[in-house]
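Undergrad: the following block contains a protein sequence and its predicted model.
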There are 2 protein chains.
Amino acid sequence: MPKKTFFNLPQEKRERIIKSALNIFSSKPYHTISVNQLIKAARIPKGSFYQYFKDKKDLFRYLIQLIYADKVKRLRKVLNDSYNLFDVLRIMTREAIEFAKENPTYTAIANRLMTDPELKKEIIADFLPDGNGFMEELVLRSYESGELKTELEPEVLARIIMSIFQVMGDYIYEKSGNLSAKKSEELFIHVINLLEHGLKGCEEND
Amino acid sequence: MPKKTFFNLPQEKRERIIKSALNIFSSKPYHTISVNQLIKAARIPKGSFYQYFKDKKDLFRYLIQLIYADKVKRLRKVLNDSYNLFDVLRIMTREAIEFAKENPTYTAIANRLMTDPELKKEIIADFLPDGNGFMEELVLRSYESGELKTELEPEVLARIIMSIFQVMGDYIYEKSGNLSAKKSEELFIHVINLLEHGLKGCEEND
DNA sequence: ATATAATGTGACCGTTAGGTCATATGACCA
DNA sequence: TGGTCATATGACCTAACGGTCACATTATAT
């Protein structure tokens, strides 16, 4: 967590620091970013940086919290316990695409976090915004409701679903520009159908 | 590619360099490893390192080639064109688990490569050992044979399959010790069944 | 034995990093 | 007005980095 001197800063300065840090962290891998770059972009002296933050990770973790607070708030609004697993996935998809469109910088940073195993361990370990925990719970509920016919353990299935969503996100991100939100959502829907019914469809029983 | 002075080295020295580099690259993330660490571990002077390799990446790429040459050779032995997609996945699974058991260091390095997007781009871009290309071709053939009932584009499906295998690999790697090869293979088989028939199974048509 | 080319080597270079700290500045209170 | 305290600042520290290069050593050819 940033120190109280940071929160006492005049809004303009605080926002400048946050904004420039968001820009940088979204533009290249975490480990290639130095404190020197951050302070130069924020136009603050190095001494000040260390008055506000313990180190680079302290600042980064703060940004991640900002981002996930936003994401989770958004999801809470549209989700409730009555949905089944596949409905939830469909809703999450729609929200995620919308969120990515509205907050490309946030999305880029979240993406960098999720695709960097070491970083993920360090950052998510503490406050678990949506580590696999969330998905695991969802899957567990689905198992209990009896809608799933697989023998896979919930933890594994949760991981698989998370990684599929990750890969789909990457794909859409790469193609962005060429891919409309509508087309993106269609893509996800097909994937969710695949999860429901498999690649072979249901008429074949071998 | 390493320089010819490297290949002219007495076998003992060359193997010492390779072995120590394999150890280090398997033990921590690529970007945290410095040339200084590599030369210290290999017990060679810094000047020599630069006689043998252009830089760290040169050495790393060479190791990756060694690793994938092994992997591909192994796969070629058991695969032929008559198998369908799911059979191939099952065979690949068995081979991958065997390979991981026999070559844990190789596996750890390959894993680090595959989970580091920037590195992957840099290293795989050149010689494409098993970037998604291999899987994409496999999937394409499967589409043409008519065994798949999904509307997903082949590229997307290939990526999904790759990422699922990646995640399963991670999982097994984490649990290794607690998980026998037999149990691991079972896990994969369930996942492949999931791909074939979906999570809901086939009696339900909604 | 001597000349020539290939290889080995570690001191050395410039650069950058993360982090500190003595001092300067400015706000608030007596 | 003078004193106290939080904050601002950039020069400075040590450590490590990637990379080079003049020189030492060894192998090869004559």
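TA: Yep, it's here. Quick caveat, the model's predicted, so the values are computed rather than measured.
Undergrad: helices along chain A, start to end?
TA: Using DSSP state H, the helices of chain A run over residues A:4-7, A:11-27, A:35-42, A:46-52, A:56-78, A:85-102, A:104-114, A:117-127, A:132-145, A:154-175, A:181-197.
Undergrad: pLDDT at the residue in chain A that DNA strand D sits nearest to, what is it?
TA: Closest approach between chain A and DNA strand D, counting by C-beta to the nearest atom of the strand: residue A:47, at 1.9 Å. In short, each C-beta sits where N, CA and C put it, glycine included. Note on residue A:47: pLDDT of 97.
Undergrad: what about it, how many residues nearby?
TA: Counted with other C-beta atoms under 10 Å in any protein chain shown, residues neighbouring residue A:47 total 8.
Undergrad: and if you look at residue A:111?
TA: By other C-beta under 10 Å, the residues close to residue A:111 number 17.
Undergrad: touching, it and residue A:173? I think so.
TA: Yes. Assessed by C-beta atoms under 8 Å, residue A:111 is found in contact with residue A:173 at 6.6 Å.
Undergrad: of all the helices of chain A, which one is nearest residue B:30?
TA: Proximity to residue B:30, assessed across these by C-beta to C-beta, is greatest for helix A:117-127 (10.6 Å).
Undergrad: who are the packing partners of that closest one?
TA: Contact partners of helix A:117-127 among helices and strands, from 3 or more C-beta pairs under 8 Å, 6 or more residues apart in numbering or on different chains; DSSP states H and E: helix A:56-78, helix A:104-114.
Undergrad: helices or strands up against the longest one?
TA: With contacts taken as 3+ C-beta pairs under 8 Å, 6+ apart, helix A:56-78 sits against helix A:11-27, helix A:35-42, helix A:85-102, helix A:104-114, helix A:117-127.
Undergrad: dump these to JSON lines, plus distance to residue B:136 and mean pLDDT.
TA: Output for the helices and strands packed on helix A:56-78, formatted as JSON lines (distance: least, C-beta to C-beta, whole Å; pLDDT from 0 to 100):
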{"stretch": "helix A:11-27", "distance to residue B:136": "29", "mean pLDDT": "97"}
{"stretch": "helix A:35-42", "distance to residue B:136": "37", "mean pLDDT": "98"}
{"stretch": "helix A:85-102", "distance to residue B:136": "23", "mean pLDDT": "92"}
{"stretch": "helix A:104-114", "distance to residue B:136": "22", "mean pLDDT": "95"}
{"stretch": "helix A:117-127", "distance to residue B:136": "24", "mean pLDDT": "84"}
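Undergrad: can I get the ones you listed in TSV including distance to residue B:139?
TA: Output for the helices and strands packed on helix A:56-78, formatted as TSV (distance: least, C-beta to C-beta, whole Å):
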stretch	distance to residue B:139
helix A:11-27	32
helix A:35-42	41
helix A:85-102	22
helix A:104-114	24
helix A:117-127	26
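Undergrad: of all the ones you listed, which one is nearest DNA strand C?
TA: Taking C-beta to the nearest atom of the strand, helix A:35-42 is the member of those nearest to DNA strand C, at 3.5 Å.
Undergrad: list the contacts for residue A:28?
TA: Residue A:28 makes no contacts at all, as judged by C-beta atoms under 8 Å, 6 or more residues apart in numbering or on different chains.
Undergrad: let me know the pLDDT of it.
TA: Per-residue pLDDT puts residue A:28 at 97.
Undergrad: next, it: phi, psi?
TA: Backbone torsions for residue A:28, taken as degrees, to the nearest 10, come to phi -160, psi 170.
Undergrad: for the residue nearest to residue A:107 when sequence neighbours are not counted, give me its contacts.
TA: Nearest residue to residue A:107, sequence neighbours excluded (C-beta to C-beta, 6 or more residues apart in numbering or on different chains): residue A:100, at 4.3 Å. Going by C-beta under 8 Å, 6+ apart, residue A:100 touches A:107, A:169, A:172-173.
Undergrad: and what of residue A:119?
TA: Neighbours of residue A:119 in contact, by C-beta under 8 Å, 6+ apart: A:30-31, A:112-113.
Undergrad: how near is it to residue A:61?
TA: According to C-beta to C-beta, to the nearest Å, residue A:119 stands 10 Å off from residue A:61.
Undergrad: ok, now residue A:135?
TA: Where residue A:61 is concerned, residue A:135 sits at a distance of 22 Å (C-beta to C-beta).
Undergrad: and these two? Which one has more around it.
TA: Ranked by neighbour count (other C-beta under 10 Å), residue A:135 and residue A:61 place residue A:135 first, with 23 against 20.
Undergrad: quick one: contacts for the more buried one?
TA: Neighbour list for residue A:135: A:158-159, A:161-162 [criterion: C-beta under 8 Å, 6+ apart].
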